[in-house]
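**Q** Next input, structure requested:
(chains A and B)
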Amino acid sequence: MLMQLFHNPFFFTALFAGFAASVAGGIIGSYVVTKRIVFISGSIAHAVLGGMGLALFLRRTLHLDWLKPIYGALAFAIFSAFLIGLIHLYYKQREDTVIASLWTCGMALGVIFLSLTPGYNVEVLNFLFGNILWTAKQDIFLLLGLDALIFLVIFFFHRRFLAICFDDKQALLQGARVNTLYFLLLSLVAITVVLLIQVVGVILVIAILTLPAAIANLLTQRFAKMMLLASLLGMLFSLIGIGTSFILNWPPGATISLIASLGYFLALLLKPHD
Amino acid sequence: MNLLKKNSTPVLSASHVFFSFDKTPLLQDISFTVQEGSWVAVIGPNGSGKTTLLKLLMGFLKPTQGSISLLGQLPHISHPYIGYVPQVNIYDQKFPLSVVDVVLMGALSELTWYGAYPKSIKQKADHVLHLVGLKHLKHRPFGTLSGGQAQRVLIARALIHDPKILFLDEPTANIDPETQKLILHLLASLKSSMTIIMVTHHLQSFIEHVDNVLCIQNTLTEFSPSQICEHFALGVFHSPLLHKKDRL
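**A** The predicted model follows:
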C-alpha cells in the first residue's frame, strides 16, 4: 500500500502543496493565535467563497479561461481583510456581530454565484472541503510565490508585528504605525488563508491555520520556536492526513483537519496543568 | 489649581477637560498642571475615571471637550518622551516572549530598517534590567514571572528609551510588600530625572515621596501630601476627603 502511495503521481504534488501551505500557516497562525484574531481569520476564510464563486461564474459565462477561482479567492480575501480591519478600528461596539455578517455575506454570495454558474459545478465541494490531490503544478508556483511574499514581509516586520500583538498601546508610544501594521497583518492572514484553502477548503481552513500554532504555544514559550514548531506540525498533519486519506479513501482536507484536531486534544491532555 | 513648588516649567496641563463614553460623562471639568520633576499620585475609588484620565493624558483617548498639553504640545505628538507602565494583569500569560523581548519593545522606534535592534539598545536592555534587579531573568519567559517581577519588567521597558515623563497605572497592585518596597525605592531614585504620574490604591506607601495628589471622582480635587495625611489617620481618603475639602 505504501509503495502504491509513493508511486502515485498526485502524492508528491499534494504533499508539496501541503508543506508550502503549512509553512505559511505555522508562521501566520502564530500571530493569529497570540493576537486572538481567530474569529476574524475565520471570517476572512469564509468570505473567500464569494470570490471563488464570482471568479468561476465569470470564467464560465464570459469564457475567461485565465480567471481561476484562486484569483477570486485572493481578491476577496484581501478585500475582506481590509473591511474587517476597518470594522475593528472604527466599529468596536458590535465588532463581532458585524464581522459575523461579513462571514455570512461572503458565503452567501459564493453559493449564489455557484448556483448561477452554468455546467456541473464539481468545484463546489473542492472549494468547501478542499482537494489537495487536484493541485496542479501551476498552483504550486503560485503557492511558492505567496510563501516567498509572506517570508519577505515577516523578515522585515516580525518585531513590529510582535509588538502590536503583545501591546499595541506601547507600540503606539514608540511611533509604530499600529493601524497600518494591523492591516498588513490581516492581509498576510488573507494570503495564508488562500494558500491553506488549497489544502483543506474554506470550511476547514481555520483548523489548519490555528491548531498547529495553538499546539506549538502549549509546547514553547519562545515565539520563533512557536512558528517553527507550528510549521513542522502542519507538515506532519499534512503528511499523515494525505497518507491516511489515500489508504482509507477519505477526503484529504477533512482527514488533515481531523488529525490536527486530534493532535490538539492530545496536546491539551498531555500538557501538565499550570 | 497647582500646589507644586518644584520648578516653574509645567510639563503637563489639562484645561477644562470633559470626557464622556456613550454619552455617559466620566470626567467633568478637569483642570490641573504638573511641574517638571514632580511625582504626582492619582487616587480615587474604582470606576472613578483614574485610568481614563491617564489614557487622556497620554493621548490614547481624546477629550470630549477641553485641552491637554504634554511637554508643550498635543499628547500624541509627545509620545516619544512618554514611558508607560500599565497594569500587569492585562497581558496574556501564554504569550511566548522572554523578559528581554518585552523590555526591547520599549525601544521599538530604534529598530533598524531591516527590523533588528542595534547592539547599543540590547546593552541598554541589560542596563535597565539590572536597574530593576532582574538581569539574571532576562531569558526567562515573561509569562512565568510573579506579579511583582512582571511589574518590574514593565518598568524596565518604560525606562529603556529614557522618557521625560513616566505614567504608571497601579504599579503596586496585587504584589507582595517586599516588591512594593523595591518599586517604591526604584521610583524614588528616578524622581530627579523624570516627572512621574502614578495611579495608585496604595497611597500610604508613597505619601512621603509624592509632591501632589489628584483625587478623581468624576471631577478632580487636588491635595498636598500634608492635607492627605490627616485623613490617613482616620483611615479614609476618598469621598469623605472630598467633602472635607469642600469645607476647607
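**Q** Quick check: closest non-adjacent residue to residue 220.
**A** Answering for chain A, as no chain was given. In this structure, A:T220 finds its nearest non-sequential neighbour in A:M226, 5.3 Å apart by CB to CB, 6 or more residues apart in numbering or on different chains. (Glycine included, C-beta is placed from N, CA and C.)
**Q** Switch to chain B, please.
**A** B:I30 (4.6 Å).
**Q** That neighbour contacts B:T219, correct?
**A** Yes: B:I30 lies in contact with B:T219 (CB atoms under 8 Å); the separation is 7.1 Å.
**Q** A:I28: neighbour count?
**A** 29 (other CB atoms under 10 Å in any protein chain shown).
**Q** And the residue nearest to B:L220, what's its pLDDT?
**A** We have a pLDDT of 94 for B:I30.
**Q** And the one 4 residues further on, by the same measure?
**A** In the predicted model, B:V34 carries a pLDDT score of 95.
**Q** ok, what's across the strand from it?
**A** Beta-bridge partners recorded for B:V34 (DSSP bridges): B:L12.
**Q** Skipping adjacent residues, who's closest to the residue of chain A most remote from its centre in space?
**A** Distance from the C-alpha centroid of chain A, by CA atoms, centre = their mean, peaks at A:L173 (31.8 Å). Distances taken as CB to CB, 6+ apart place B:H79 nearest to A:L173, at 4.8 Å, with adjacent residues excluded.
**Q** Hmm, B:E222 and B:N212 touching each other?
**A** Yes: assessed by CB under 8 Å, B:N212 is found in contact with B:E222 at 6.7 Å.
**Q** who's more crowded, the two?
**A** Applying other CB under 10 Å to B:N212 and B:E222 shows that B:N212 carries more neighbours, namely 25 against 18.
**Q** per-residue confidence at that one?
**A** At B:N212, the pLDDT value in this model is 91.
**Q** For it, name its beta-bridge partners.
**A** Judged by DSSP bridges, the bridge partners of B:N212 are B:V40.
**Q** Relative to chain A, how far out is it?
**A** Using CB to the nearest CB, to the nearest Å, B:N212 is found at 24 Å from chain A.
**Q** for residue 152, helix, strand, or coil?
**A** This is for chain A. Following DSSP: H, G, I helix; E, B strand; the rest coil, the label given to A:L152 is helix.
**Q** burial count for residue 169?
**A** As the question left the chain open, I've gone with chain A. 15.
**Q** To clarify, I was referring to chain B.
**A** If you count neighbours by other CB under 10 Å, B:D169 ends up with 21.
**Q** residue contacts, it?
**A** B:50-51, B:54, B:84-87, B:198-199 (CB atoms under 8 Å, 6 or more residues apart in numbering or on different chains).
**Q** Among those, name the ones in strands.
**A** For these, membership in strands holds for B:84-85, B:198-199, with DSSP state E as the criterion.
**Q** which residues of chain B fall in strands?
**A** With DSSP E, the ranges of strands along chain B come out as B:10-21, B:24-35, B:39-43, B:65-70, B:82-85, B:165-169, B:195-199, B:212-217, B:219-223.
**Q** And the fourth one, how far out from the chain middle?
**A** Using CA atoms, centre = their mean, to the nearest Å, the distance from the centre of strand B:65-70 to the centre of the chain it belongs to is 18 Å.
**Q** C-alpha coordinates for it, PDB please?
**A** Output in PDB follows, covering the C-alpha atoms of strand B:65-70 (Å, rounded to 0.1, in the frame of the first residue of the first chain):
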ATOM      1  CA  GLN B  65     -14.200  69.000  25.500                       C
ATOM      2  CA  GLY B  66     -11.200  70.900  26.800                       C
ATOM      3  CA  SER B  67      -7.500  70.600  26.000                       C
ATOM      4  CA  ILE B  68      -4.400  68.800  27.300                       C
ATOM      5  CA  SER B  69      -0.800  69.800  26.700                       C
ATOM      6  CA  LEU B  70       2.100  67.500  27.300                       C
END
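**Q** That one close to chain A?
**A** No: for strand B:65-70, no contact with chain A is found by CB under 8 Å from any CB of the partner chain; the gap never falls below 11.8 Å.
**Q** Give the other helices and strands that that strand contacts.
**A** Under the contact criterion of 3 or more CB pairs under 8 Å, 6 or more residues apart in numbering or on different chains; DSSP states H and E, strand B:65-70 touches strand B:10-21, strand B:24-35, helix B:50-57.
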